[in-house]
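>>> Below is the sequence, then the predicted model.
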Amino acid sequence: MTIQAPLNPGTTKTGSIRSVDADRTAARRGGRSNWPVTVVLVLCALSVLVPLYVTVTMAFKTTAQSVDGNAFSLPAPFSVDGFVQAWQLTDFPRAFGVSVLVAAITVVGTILLASFTAFAIARNWDRRLFRWSFFYLLAAMFLPFPVLALSQVKLTGLAGLDNPFGVAILHVMFQLSFSVLLFTAFLRSIPAELEESARIDGASTGQVFWRLVFPLLAPMSATVGIFAFLASWNDFVMPSLITSNPALQTLPVLQQMFQTQFSNNYNVSFASYLMAMAPAIIVYLITQRWVMAGVTQGAIK
């Protein structure tokens, strides 16, 4: 027979009161706005939204409206002449196709190579070769393309890769370090017991990766693919230096090449900018939740 000590009513009541007070204090602190952070975020948002607003309004103005000195006024009336002229001057369909080709090769190549590399590193972390290979790839993140531009231009020319395919290959190489970092962090959250059970059932390493691991990497693959697409689509320096044929240049390079033809036709200039930005903006708006989810899962795990 066990005899329980009687509870002290006074102690219980006092403890309950303190608990309620603590909860109320925490609730007040949680609901209090952090005004300095809010102001900084608002300023950051305006630094993006205001130029975007000017770009959209200027693109739909006539030539006379675009030079009246009032960039923030709404188009009256709306005009698409700037888009028509930009479409013809830059040969937009061809340049758009080249940019899509380069971006597609970059996205697919980055996801495949980075996932292969990260899988090998994460599952062989105890081996010095794989561990130091990971550190080597991280060190490559501190080498921007302009530092290596001269050697890359020379090598691509000797290898016959002074074309969009060479640009795509270089994009994959320069995206590899950051992508391996993301994949490796995410792979550490996947239990190794899943792979061991598959191997017991007779699966080879390739089957384990393609049938088990790679499907589980879908959130991080989406994140890596989006980062690779944005970096490839918006790149100007690498295509301008590597691609020798002006007819095979990407959209950002062609826009710079035709700037002299735009002259004071600011509506044509901004229309070309908007057409080039639109795919990247649309892709990011659609897939931003995957970007945040993938980065958060990889960081937490």
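Okay, I see it.
>>> Quick check: which element contains the residue positioned nearest the centre of the chain?
In the chain, the residue lying closest to the centroid (Cα atoms, centre = their mean) is residue 227, at 2.4 Å. Element membership for residue 227 (DSSP states H and E) is helix 218-233.
>>> That helix packs against which elements?
helix 92-123, helix 164-187, helix 266-300 (3 or more Cβ pairs under 8 Å, 6 or more residues apart in numbering; DSSP states H and E). C-betas here are computed from N, CA, C, even on glycine.
>>> Can I get those helices in JSON lines including distance to residue 223, mean neighbour count and mean pLDDT?
Converted to JSON lines, the helices and strands packed on helix 218-233 look like this (distance: least, Cβ to Cβ, whole Å; neighbours: other Cβ atoms under 10 Å; pLDDT from 0 to 100):
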{"stretch": "helix 92-123", "distance to residue 223": "10", "mean neighbour count": "20", "mean pLDDT": "93"}
{"stretch": "helix 164-187", "distance to residue 223": "6", "mean neighbour count": "22", "mean pLDDT": "93"}
{"stretch": "helix 266-300", "distance to residue 223": "3", "mean neighbour count": "17", "mean pLDDT": "73"}
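>>> mind checking which of these is nearest residue 196?
helix 92-123 (10.8 Å; Cβ to Cβ).
>>> Can you list the neighbours in contact with the helix or strand that that closest one is followed by?
Heading C-terminal from helix 92-123, the first helix or strand you meet, by DSSP H and E, is helix 128-140. Applying Cβ atoms under 8 Å, 6 or more residues apart in numbering, the contact partners of helix 128-140 are 117, 120, 121, 124, 125, 176, 177, 180, 181, 184.
>>> about what we covered before: closest one to residue 240 among the helices and strands packed on helix 218-233?
When the helices and strands packed on helix 218-233 are compared by Cβ to Cβ, helix 164-187 sits nearest residue 240, at 9.6 Å.
>>> hang on, the earlier thing: quick one, the helix holding residue 227 and helix 92-123 angle?
With axes from the mean of the first three to the mean of the last three Cα atoms, to 10 degrees as the basis, helix 218-233 and helix 92-123 are set at 140 degrees to each other.
>>> Following the chain past helix 218-233, name the next helix or strand.
helix 237-242.
>>> If we go by neighbour counts, what in the helix holding residue 227 is buried?
219-233 (16 or more other Cβ atoms under 10 Å).
>>> Which residue, neighbours along the chain excluded, lies closest to residue 211?
Nearest non-adjacent residue to residue 211, counting by Cβ to Cβ, 6 or more residues apart in numbering: residue 203, 7.1 Å away.
>>> Around the one you found, count how many other residues there are.
16 (other Cβ atoms under 10 Å).
>>> one step back: what angle sits between the helix holding residue 227 and helix 164-187?
Here the directions of helix 218-233 and helix 164-187 differ by 150 degrees (the same axes, to 10 degrees).
>>> picking up where we left off before, just put the contacts of helix 128-140 in JSON lines and tack on distance to residue 279.
Supplementary listing: those in JSON lines, determined by distance: Cβ to Cβ, whole Å:
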{"residue": "117", "distance to residue 279": "28"}
{"residue": "120", "distance to residue 279": "33"}
{"residue": "121", "distance to residue 279": "33"}
{"residue": "124", "distance to residue 279": "39"}
{"residue": "125", "distance to residue 279": "38"}
{"residue": "176", "distance to residue 279": "23"}
{"residue": "177", "distance to residue 279": "25"}
{"residue": "180", "distance to residue 279": "26"}
{"residue": "181", "distance to residue 279": "26"}
{"residue": "184", "distance to residue 279": "30"}
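>>> No more questions from me, cheers.
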